[in-house]
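*Asks:* Show me the folded form of this:
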Amino acid sequence: MSKTITQVRSAVGTSKRHRATLRALGLRGIGQSRTHEDTPTLRGMLLMVGHLVQVDESTTTNAAEAG
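*Replies:* Down below sits the predicted model:
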């Protein structure tokens, strides 16, 4: 299962660690979205910057997964 992460708040005024986490997620500004596979590492990142992002669960299947 994958999650779509959208930045909804500015990183201005946040700590360097929060800004670095947003960059690691591939988010550069408000309104940008990225899709990532749900892993324990991703969940930890989302706990850190959860106040800056919105998370939507995607249930898309790839052709490789469908068989």
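*Asks:* chain center to the helix or strand that contains Lys3: distance?
*Replies:* Using DSSP states H and E, Lys3 falls within strand 2-7. Relative to the chain's own centre, strand 2-7 is displaced by 4 Å; criterion: Cα atoms, centre = their mean, to the nearest Å.
*Asks:* can you check stretch 4-12 too?
*Replies:* Here stretch 4-12 shows a centroid-to-chain-centroid distance of 8 Å under the convention Cα atoms, centre = their mean.
*Asks:* List of residues touching that stretch?
*Replies:* Stretch 4-12 is contacted by residues 18-19, 22, 25, 27, 29-36, 46, 51-58 when judged by Cβ atoms under 8 Å, 6 or more residues apart in numbering. Backbone N, C-alpha and C define where each C-beta goes, glycine included.
*Asks:* All the strands of this protein, residue numbers only.
*Replies:* 2-7, 33-37, 53-58 (DSSP state E).
*Asks:* what's the angle between the first one and strand 53-58?
*Replies:* Put plainly, it is strand 2-7. Relative orientation of strand 2-7 versus strand 53-58 (axes from the mean of the first three to the mean of the last three Cα atoms, to 10 degrees): 160 degrees.
*Asks:* Give me the angle between strand 2-7 and strand 33-37.
*Replies:* Relative orientation of strand 2-7 and strand 33-37, computed by the same axes, to 10 degrees: 150 degrees.
*Asks:* Would you mind checking the contacts of stretch 4-12 for buried ones?
*Replies:* Buried residues within the contacts of stretch 4-12, counting neighbours by 16 or more other Cβ atoms under 10 Å: Arg19, Leu22, Leu25, Leu27, His36, Leu46, Leu52, Val53.
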